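based on what follows, work out the 3D shape:
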Amino acid sequence: MKVALGGTFDPLHEGHKRLIRKAFSISKDVVFGVTSDDMARKRLRNVLPCSVRAKNLKEYVKRVYGVEPRIEIIEDCYGKTLEEDYDYLIVSPETYENAKRINKKRIEIGKKPITIVVVDFVLAYDKKPISATRIKDGEIDRFGFNLKPR
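So this is what the prediction gives:
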């Protein structure tokens with residue numbers, strides 16, 4: 001089984017870790033698409049350079065799962081999914097529409113769709129999803145704990 005998972009991974013937080021855990025529960029053959037600097041900055045937030053984000057992801061995966069991850073730099077939501085075949089695509093509710101777009105395009109070009117696995121958000125202390133934006137804004141930490149004074 002070949003699994004694809006993509007993201008910015010800055011900072012690597014509990015939501016990302018849940019996605020990664022799900023991917024490895026399916027297969028050890030996981031391909032990580034890490035957004036390029038240009039793609040990541042389109043979301044209008046400050047991000048670490050792609051090389052640093054990929055290095056941090058690689059170190060985490062090696063430490064926790066004991067495998068050397070395959071990391072691809074992606075320039076758009078499709079990454080390598082239109083060129084390579086995957087059995088599963090792991091997404092959050094936030095990126096589900098992108099997954100549907102990928103499968104639509106795959107069908108248009110004569111490829112079989114990829115099975116989409118939606119992994120629920122990890123919720124912060126306030127029952128809202130942990131997100132990189134909330135972390136970068138200083139609202140919560142990577143684990144979802146409150147950082148704003150009451």
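
so in the protein, which helix runs the longest?
Looking across the chain with DSSP state H, the single longest helix is helix 50-65.

now it: buried residues?
Neighbour-count burial for helix 50-65, counted by 16 or more other Cβ atoms under 10 Å, picks out C50, R53, A54, N56, L57, K58, Y60, V61. The C-beta positions use only the backbone N, C-alpha and C, and glycine is treated the same way.

repeat that for stretch 138-145.
E139, I140, D141, G144.

pick out whichever of these sits closest to V31.
G144 (27.5 Å; Cβ to Cβ).

per-residue confidence at the closest one?
Per-residue confidence (pLDDT) for G144: 96.

next secondary structure element downstream of the longest helix of the chain?
The C-terminal neighbour of helix 50-65 among helices and strands, as given by DSSP states H and E, is strand 70-74.

got the CA coordinates for that next one in PDB?
This file holds the C-alpha atoms of strand 70-74, laid out as PDB (Å, rounded to 0.1, in the frame of the first residue of the first chain):
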ATOM      1  CA  ARG A  70      10.200  10.000   1.400                       C
ATOM      2  CA  ILE A  71       9.700  13.700   1.200                       C
ATOM      3  CA  GLU A  72       8.700  15.500  -2.000                       C
ATOM      4  CA  ILE A  73       8.500  19.300  -2.400                       C
ATOM      5  CA  ILE A  74       5.100  20.200  -3.900                       C
END
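
which residues are contacting the longest helix of the chain?
Helix 50-65 is contacted by residues 8-10, 12, 17, 20, 24, 28, 32, 34-37, 40, 47-48, 67-69, 71, 73 when judged by Cβ atoms under 8 Å, 6 or more residues apart in numbering.
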